[in-house]
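Asks: no sequence on this one, just coordinates:
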């Protein structure tokens, strides 16, 4: 009976898309910071084990993992975010996992700043290149412009 229930449960999990994914540790977290006052966004590359600054925030990346290529795309990072307001003590604002596919699931709640996880990447990974420009019309061989 237990075997039958285990097989049925595994079939249910496979049919609904919920399965245990293999996560691959990556050394760099790609974050996006939003300053709500100035409406400026910043792309932040933060190596695991380091602390980066964004405004009055200090963001410490403790772990960053990416799903394997054959699984649904997912990135997860364990972040600790602190704020140091001028003339005040350091306050911890966030400590936990952020997910790139579900930013609202676990987010920083702050009146001035938003921080979201975009991706985790390998140290040697290059940013995607922009697509090559294509001419809109072939050049005219007689030097006249087309109408």
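Replies: Cool, got the structure. This structure is a prediction, so every number in the text was calculated from the model and none was measured.

Asks: so what pLDDT did the most centrally placed residue in the chain get?
Replies: Nearest to the mean C-alpha position of the chain, by CA atoms, centre = their mean, lies residue 118 at 1.8 Å. As summarised for this prediction, residue 118 has a pLDDT of 95.

Asks: which one is it nearest to, not counting chain neighbours?
Replies: For residue 118, ignoring the flanking residues on the chain, the nearest one in space by CB to CB, 6 or more residues apart in numbering is residue 30 at 4.5 Å. Yep, even glycine has a C-beta here, placed from its N, CA and C like the rest.

Asks: please identify which helix or strand holds the one you found.
Replies: Secondary structure assigned from DSSP states H and E places residue 30 in strand 28-35.

Asks: is it true that residue 31 touches residue 119?
Replies: No: at 9.1 Å, residue 31 and residue 119 do not qualify as touching, with contact defined as CB atoms under 8 Å.

Asks: give me the below-cutoff pLDDT ranges for this structure.
Replies: Judged against pLDDT under 70, the low-scoring parts of the chain cover residues 1-21, 125-147.
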